[in-house]
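A.B. asks: Okay, predicted coordinates and the sequence, questions at the end:
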Amino acid sequence: MVEAHGLVKRFGDFVAVDAVDFTITKGESFGFLGPNGAGKTSTMRMISCISPVTEGTLRVLGMDPATEGAQIRARMGLVPQEDSLDLDLTVLDNLMIYGRYFDMPKKVIRQRADQLLDFAQLTERAHDRVDPLSGGMKRRLTIARALISDPDLLILDEPTTGLDPQARHLLWDRLYRLKQQGVTLVITTHYMDEAEQLCDRLVVMDKGRFAAEGSPRQLIDQHATKEVVELRFRPGEHESIALRVADLAERHEVLPDRILLYTDDGDAALAEVTAMGLAPQSTLVRRSTLEDVFLRLTGRTLVD
Amino acid sequence: MSIVKSPIFEHGEVVTPRRVTTPMWLRAALYWGYQYKRTWRSSIFTSFLIPVLYLTSMGVALGSLIDKHSHGVAGVSYVSYLAPGLLAATCMQIGANDTMWPVMGAIKWMRTYLAMLAAPLDVYDVLLGHLAWVAARITIVVTIYLSVMAAFGTVHSPWGICALPAAVLVGMAFGVPMAAFSATQDKDTAFITIYRFVVIPLFLFSGTFFPISQLPHLLQYLAYATPLFHGVALCRDLTLGQVHGWVDVGHAAYLAAWVGVGYLLCRRTFAKRLVV
Ligand SMILES: Nc1ncnc2c1ncn2[C@@H]1O[C@H](COP(=O)(O)OP(=O)(O)O)[C@@H](O)[C@H]1O
Ligand SMILES: [Mg+2]
């Protein structure tokens, strides 16, 4: 569906996307996980043929974005990072006009809009203006709108950023259903739980480059231990205590508010910490996540 | 029910895709039509009310004084002299207005252009569609305006029909270059300045209310350079039926040049802003 080789995006002298390679195949859900400024949006904008490629080759749906952008976009749906809904128009009119951009007959758009409103749980708001809707509703409408033309490829740039947990879970559920129906999804996010939930395969992106690539499970297996022990001490104590507990784990990280011990047996490590006479304010033993992978690969946390 | 690849049925048959495709720019223009659906009633009403008020107060009331003392202006009643001038000036205002805030808003606030660009439209479709819509809206206003003018007995010749395209041309001579400028803006402060120091002075001193021969020489030359002067002169010649052949062709050509140059500038500023 999408194939990139040595893909580069520069703004003036600034390199936003630094020679990346990736292949996205039909029916999979592919993620770009990375912090703000990693170059995710720049990459999405190139895939959606909105932003010209600076260097490298890119094929989308077997076509060349530089010369066949309109044909590609006709078969693609884009959920941009920032909503571009018409706030003055009604929910339904937003769908109607978007369908017109794809030159769909009015009757067809109307039928499709009804299905999509139902899918996005917005049927009751169909005739309301968009402006007063909640962030989650606007996001669901943006997704419904991107689906109006029944695209082969759906691109979602940070679909749930800024939403409350309930709204996020509802959105994940909707995206999961699309995935079940075989839509190829490309998702960017800086939430590791989102990436774990939705992506079959993902790349970890930082400063315009890919730090790693694989399924969430593979990435965790390769770059993190099975478990992590989180220890919180009083502010200021972390550095000195870290030196003492470092030997208890395969690897450790010191964050401003906690120490992370990477080990395959968290409970055992924690028992040893206690045996050393240390008394953390709080402790947590948990499974490793993509957040840990990111920390390992870049030395930084995903959300600061 | 699956919402993917579900065939669309109508009267029990799968609908076949349409054979004639709508031009891309027209799809963009349709958007502005949707927007207009919300406001067309008040917009039409205003388009009707403004000429009625102007022509009654300035034309008829003030005009009767002027006509009594100096037997009209340039050989015709003041209201007949004034009406085509106001028509052209109104078109200038709409042309400028509709390409200031709406263009910047479509880039920055509502991101309407970006929504279109994520669909199959490209930046030139977006541009052309918006300009086509501005032209369409000016056409509606001018049609109403000319009807009111005719009702006031200020259209003196069948040439008056040609004032319709001429007035639309005046609006676009302002609107198209203005769109090019608006696409470069991040704030609306410049718009207010332009209104105050360009649009309003032009309105007053481009031969709308009195012949520019009454202005100091320097200002006369300035007036010659502005598209509004040529627009006013052209519309006036047409509604009064005093067509001056090549002179009027010259006026129209000058206006068309503003549209043409403005369009080239638009292509540059729109692409620079939207294709990054
Ligand atoms: N139009 C632009 N002009 C200049 N720099 C840009 C532009 N768009 C993005 N950037 C820069 O490129 C980098 C990557 O941005 P982006 O692709 O938006 O990252 P992400 O989506 O991962 O947060 C950022 O440092 C951003 O400031
Ligand atoms: Mg982004």
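C.D. replies: Received the coordinates, thanks. Numbers count the residues shown, from 1 in each chain, chains lettered A, B, ... in the order given. Ligands and ions are numbered 1, 2, ... in the order given.

A.B. asks: if I pick the closest residue to residue A:223 other than its chain neighbours, what's in contact with it?
C.D. replies: Counting by Cβ to Cβ, 6 or more residues apart in numbering or on different chains, residue A:223 lies nearest to residue A:293, which is 4.4 Å off, once chain neighbours are set aside. For every residue, glycine as well, the C-beta is placed using N, CA and C. Counting by Cβ atoms under 8 Å, 6 or more residues apart in numbering or on different chains, residue A:293 touches A:204, A:212, A:219, A:220, A:223, A:224.

A.B. asks: if I read this right, the last one contacts residue A:260, doesn't it?
C.D. replies: If I follow you right, that is residue A:224. No. Residue A:224 is beyond contact range of residue A:260, at 9.9 Å (criterion: Cβ atoms under 8 Å).

A.B. asks: pLDDT weak spots in chain B?
C.D. replies: Within chain B, the segments meeting pLDDT under 70 span B:1-19.

A.B. asks: Kindly report the residues of it close to ligand 1.
C.D. replies: With Cβ under 6 Å from any ligand atom as the criterion, chain B comes near ligand 1 at residues residue B:276.

A.B. asks: Which positions in the helix or strand containing the residue nearest to residue A:223 come out as buried?
C.D. replies: Assigned by DSSP states H and E, residue A:293 falls within helix A:290-298. For helix A:290-298, burial by neighbour count (16 or more other Cβ atoms under 10 Å in any protein chain shown) applies to A:290, A:291, A:292, A:293, A:294, A:295, A:296, A:297, A:298.

A.B. asks: for these, which one is nearest ligand 2?
C.D. replies: Nearest to ligand 2 among the buried residues of helix A:290-298: residue A:294, at 15.9 Å, using Cβ to the ion.

A.B. asks: can you tell me which residues contact that closest one?
C.D. replies: Residue A:294 sits next to A:33, A:34, A:35, A:192, A:204, A:206, A:211, A:300, A:301, A:302 when contact means Cβ under 8 Å, 6+ apart.

A.B. asks: Now, those residues that are in helices?
C.D. replies: residue A:192 (DSSP state H).

A.B. asks: how about the helix or strand hosting residue A:4, does it get close to chain B?
C.D. replies: Here residue A:4, judged by DSSP H and E, is contained in strand A:2-11. Yes. Residues of strand A:2-11 are located near chain B by Cβ under 8 Å from any Cβ of the partner chain, namely residue A:11.

A.B. asks: Packing partners of that strand?
C.D. replies: strand A:14-24, helix A:40-47, strand A:55-60 (3 or more Cβ pairs under 8 Å, 6 or more residues apart in numbering or on different chains; DSSP states H and E).

A.B. asks: Which of the residues in that strand are classified as buried?
C.D. replies: Here strand A:2-11 shows A:2, A:3, A:4, A:7, A:8, A:9 as buried, counting by 16+ other Cβ under 10 Å.

A.B. asks: I'd say the third one and residue A:17 touch.
C.D. replies: No. With contacts defined as Cβ under 8 Å, residue A:4 does not count as touching residue A:17, sitting 9.3 Å away.

A.B. asks: What about residue B:70, how many residues nearby?
C.D. replies: 9 (other Cβ atoms under 10 Å in any protein chain shown).

A.B. asks: Let me fix that, I meant to ask about residue A:248.
C.D. replies: 18.

A.B. asks: these two touch, right, it and residue A:262?
C.D. replies: No. Using Cβ under 8 Å as the test, residue A:248 is too far from residue A:262 to be in contact (10.2 Å).

A.B. asks: residue boundaries of the helices in chain A?
C.D. replies: A:40-47, A:65-74, A:91-101, A:106-119, A:135-146, A:165-180, A:192-198, A:216-223, A:238-245, A:266-275, A:290-298.

A.B. asks: Nearest residue to the middle of chain B?
C.D. replies: Chain B has residue B:171 as the residue nearest its centroid, 2.9 Å off, counting by Cα atoms, centre = their mean.

A.B. asks: what's the distance between it and residue B:99?
C.D. replies: 10 Å (Cβ to Cβ, to the nearest Å).

A.B. asks: Which residues are in contact with each of those two?
C.D. replies: Joint contacts of residue B:171 and residue B:99 (Cβ under 8 Å, 6+ apart) are residue B:134.

A.B. asks: what sits against the closest residue to ligand 2 within the stretch 1-150 of chain A?
C.D. replies: Ligand 2 sits closest to residue A:41 of the stretch 1-150 of chain A, with a gap of 3.2 Å, by Cβ to the ion. Residues in contact with residue A:41 (Cβ under 8 Å, 6+ apart) are A:81, A:157, A:158, A:188.

A.B. asks: Narrow the contacts of residue A:294 to those that are buried.
C.D. replies: Here the buried ones among the contacts of residue A:294, as counted with 16+ other Cβ under 10 Å, turn out to be A:33, A:34, A:35, A:192, A:204, A:206, A:211, A:301, A:302.

A.B. asks: What ranges does the stretch 151-276 of chain B have for its helices?
C.D. replies: Along the stretch 151-276 of chain B, counting by DSSP state H, counting those that start in this stretch, helices occupy B:163-182, B:189-194, B:200-205, B:217-225, B:227-240, B:246-274.

A.B. asks: Report the distance from the second one to the chain centre.
C.D. replies: Helix B:189-194 sits 18 Å away from the centroid of its parent chain (Cα atoms, centre = their mean, to the nearest Å).

A.B. asks: got the contact list for it?
C.D. replies: Applying Cβ under 8 Å, 6+ apart, the set of residues contacting helix B:189-194 is B:96, B:100, B:101, B:104, B:178, B:181, B:182, B:185.
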